[in-house]
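# Here is a sequence with its predicted model. Questions after.
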Amino acid sequence: MAKKTVADIDVKGKRVLMRVDFNVPLDGETITDDRRIVQAMPTIKSVIERGGRVILMSHLGRPKGGPEPKYSLRPVAKRLNELVNECQAVPHPHGEGRNVADLHIMRSPDEKLADTHSRVRFADDSIGPAVEKMANELRDGDVLLLENLRFHKGEEKNDPNFAQQLAKVGDVYVNDAFGTAHREHASTFGVPQLMQGKPRVIGFLIQKELKFLGEAISNPKRPFVAILGGAKVSDKINVIEKLLEKADTLLIGGAMAYTFFLAQGKEVGKSLVERDKIDLAATLLRRASAKIKLPIDNVISDKMTDDAQTKVIEGNIPADMEGFDIGPRTRDLYKSEIAKAKTIIWNGPMGVFEKKPFAEGTRAIAQAVADVTANGATTIIGGGDSAAAIEQMGLSDKVSHVSTGGGASLEFLENGHFSTLDILD
Ligand code: 3PG
Ligand code: MG
């Protein structure tokens, strides 16, 4: 069912409590991939430009339920400030009773202090009197980012008291956290439930994600080719079953393929496998052997390092060796399937692409997906590792859509909806 979006509601002067997924990879305090922040900007900007007061909440990483400095969202506030200051709709002159001192760490280096007031503030906690005060002091067009929600156990437990403390600072609820839409946590589930009677809508990122993923599974242009990789069959089993119903061809790579090899009675040496999933793999092969394509050759080695000596092998993998990537014949086979496709969904790398000797399979697939996009196919990259791979290969803007959700995109492909979004207007 179509959801109301932030564009459908009046936000002027309202405190817009917005769940975003700013769970970005960090190297110390450096954000190594800011895609999730950048992709949330259209929704944030839309609220700012219409005079709403934005209160952003997110988690980062998996802290144990208390404050841990390495999981602070402070580095995100800095990047957010740069992006917000690029939209100058409501510049604030100095000297309107605001505390400039506490903002200076978030000012981008080139910002002219004399001209604009930084509009992004950062709260050291996500709940409590100080947060409420900051929320109430926001002016139209201001942005407040709350500290990591998971510094409180109540977030993941969806504790009603924690949810209530968050909910009370919002006049309007917006969810634009696609990457976290599969979690029934306080900020994604309890808060919107408690805000019944107030506007509760999705943002533009979730709208876009649902459009691409939804159309691909409900109404794909054919041939529809699904590419699945990654280490484990168990992570993707439900999605494999779903895609076997919907897709015309399923290309399998990554260590996941070796569990299928075992099901075919092949030898896989020391390759990563899931022995308790062999029967399942055998069942899938019996049911859909015509749709499922498995590697016909593999790049193998005795170690998974940047200087590893590699060999290409067809058939059984020797006892002392491990498969780390698809081989050249498989690349060609998969490329020819991809070239015929009108719709592609790709989730999971073909090999250990982080290591140079085993990156070729993933690179070839990424290039083939980019090429078929140029020929008019709709191509969707699931989040997580495949998004990181396509980014690393410089091809993110050569495909139709790179999802910001890893687990979330898999769950959506599997179930076709999210309970966290079902409860919104
Ligand atoms: C993610 O990166 O997968 C999302 O931000 C959700 O995080 P989580 O898997 O720790 O719940
Ligand atoms: Mg996850």
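Structure's in. What do you need? Since this is a predicted model, take the numbers as computed values, not measurements. Numbering: from 1, shown residues only. Ligands and ions are numbered 1, 2, ... in the order given.

# Residue of this structure closest to ligand 1, please.
Going by C-beta to the nearest ligand atom, ligand 1 is nearest to residue 23 of the chain, at 3.4 Å. (C-beta placed from N, C-alpha, C; glycine too.)

# Show me which residues of the stretch 101-250 of the chain sit near ligand 1.
Neighbours of ligand 1 within the stretch 101-250 of the chain, by C-beta under 6 Å from any ligand atom: 179, 180, 183.

# Same question for the residue of the chain closest to ligand 1, what's its three-state structure.
coil (DSSP: H, G, I helix; E, B strand; the rest coil).

# and the nearest residue to it once chain neighbours are set aside, how many neighbours?
The shortest distance from residue 23 to any non-neighbouring residue, by C-beta to C-beta, 6 or more residues apart in numbering, is to residue 60 (5.2 Å). Using other C-beta atoms under 10 Å, residue 60 is surrounded by 24 other residues.

# repeat for the one 4 residues further on
In terms of burial, residue 64 registers 10 neighbours under the definition other C-beta under 10 Å.

# try residue 274
Using other C-beta under 10 Å, residue 274 has 19 other residues around it.

# Quick check on it: phi, psi?
With angles defined as degrees, to the nearest 10, residue 274 sits at phi -120, psi 100.

# isn't it right up against residue 234?
Yes - between residue 274 and residue 234 a contact is recorded at 5.8 Å, counting by C-beta atoms under 8 Å.

# just the buried members of the residues of the stretch 101-250 of the chain next to ligand 1?
Neighbour-count burial (16 or more other C-beta atoms under 10 Å) is assigned, among those, to 179, 180, 183.

# Can you tell me which of these lies closest to residue 298?
Using C-beta to C-beta, residue 179 comes nearest to residue 298 of these, at 31.7 Å.

# For residue 406, see how far away that closest one is.
7 Å (C-beta to C-beta, to the nearest Å).

# what do you get for residue 369?
Distance check for residue 369 against residue 406: by C-beta to C-beta, it reads 17 Å.

# So for those two, which sits in the more crowded spot?
residue 369 (27 against 21).

# Assign a three-state SS to that one, would you?
Classification of residue 369 using three-state DSSP returns helix.

# Contacts only, for it.
Going by C-beta atoms under 8 Å, 6 or more residues apart in numbering, residue 369 touches 227, 338, 344, 346, 379, 381, 390, 395, 399.

# Would you check that the last one makes contact with residue 382?
No - the pair formed by residue 399 and residue 382 falls short of the contact definition of C-beta under 8 Å, at 11.3 Å.

# Which one's more surrounded, the two?
Between residue 399 and residue 382, counted using other C-beta under 10 Å, residue 382 has the larger neighbour count: 29 against 22.

# Tell me, what's the model's pLDDT at that one?
pLDDT, residue 382: 91.

# Residue 114 now?
30.

# do the same with residue 135
The model reports residue 135 with a pLDDT of 97.

# Now for it, how many residues are close by?
That count, for residue 135 with other C-beta under 10 Å as the rule, works out to 20.

# Let's test this: name the helix or strand in this protein with the lowest mean pLDDT.
Lowest mean confidence among the helices and strands of the chain (mean pLDDT, DSSP states H and E): helix 233-246, at a mean of 88.

# hmm, who's touching that one?
Here helix 233-246 has contacts from 217, 220, 224, 226, 228, 230, 250, 256, 259-260, 274, 277, 280-281, 284, 287-288, 291-292, 345, 347-348, 410, 413-414, using C-beta under 8 Å, 6+ apart.

# what about 6 Å?
Outside helix 233-246, the residues that touch it by C-beta atoms under 6 Å, 6 or more residues apart in numbering are 217, 226, 228, 250, 256, 259, 274, 277, 288, 410, 413, 414.

# What about the residues you listed, which one has the most neighbours?
Among the contacts of helix 233-246, residue 226 has the most neighbours (other C-beta under 10 Å), with 29 neighbours.

# now the helices: where do they sit in the stretch 151-300 of the chain?
Assigned helices in the stretch 151-300 of the chain, in chain order: 153-157, 160-167, 191-194, 204-218, 233-246, 256-263, 278-288 (criterion: DSSP state H, counting those that start in this stretch).
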